[in-house]
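K.L.:
Build me a structure from this.
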Amino acid sequence: ALVSSTPCLLPANAAENILEARLQENSIAPPTYGMEASDTDIFYPQYFLGSWKAASSTVDIQAPCGFQLFAGGKAAFDSATQKEVIEKDVL
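P.N.:
Reported below is the predicted structural model:
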């Protein structure tokens, strides 16, 4: 078997091209990729058991496919950015 020591790298804009293609298709279908081990459950260590207090903080919001695909359009994008990023509204 032929094995290369050179890593296989995707072009820098590969993700952008995938998003652009999905936008052009006007497709809201889920992507073709998924979890590698979809037939197995996710393992959590024993010390994860119990009750946890957690907080979430949004540091950035992006709409890579444009505002037309952002739920609520540009107005909702601006509102979410104002509340969650600028005002640091805790979720």
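K.L.:
From now on I want contacts and neighbour counts done on CA atoms only, so please keep to that.
P.N.:
Noted.
K.L.:
Measure how buried Gln46 is and give me the count.
P.N.:
Using other CA atoms under 10 Å, Gln46 has 7 other residues around it.
K.L.:
Can you pull the phi/psi pair for it?
P.N.:
The phi/psi pair for Gln46 (degrees, to the nearest 10) reads phi -60, psi -30.
K.L.:
Which helix or which strand is home to the closest residue in space to Leu19 that isn't next to it in sequence?
P.N.:
Closest residue to Leu19 apart from its sequence neighbours, by CA to CA, 6 or more residues apart in numbering: Cys65 at 6.5 Å. If you go by DSSP states H and E, Cys65 is not part of any helix or strand.
K.L.:
just the one 10 residues further on next, same as before
P.N.:
Secondary-structure element containing Ala75, defined by DSSP H and E: helix 73-80.
K.L.:
picking up where we left off before, quick check: the residue nearest to Leu19 touching Leu23?
P.N.:
Yes: applying CA atoms under 8 Å, one finds Cys65 in contact with Leu23, separated by 6.6 Å.
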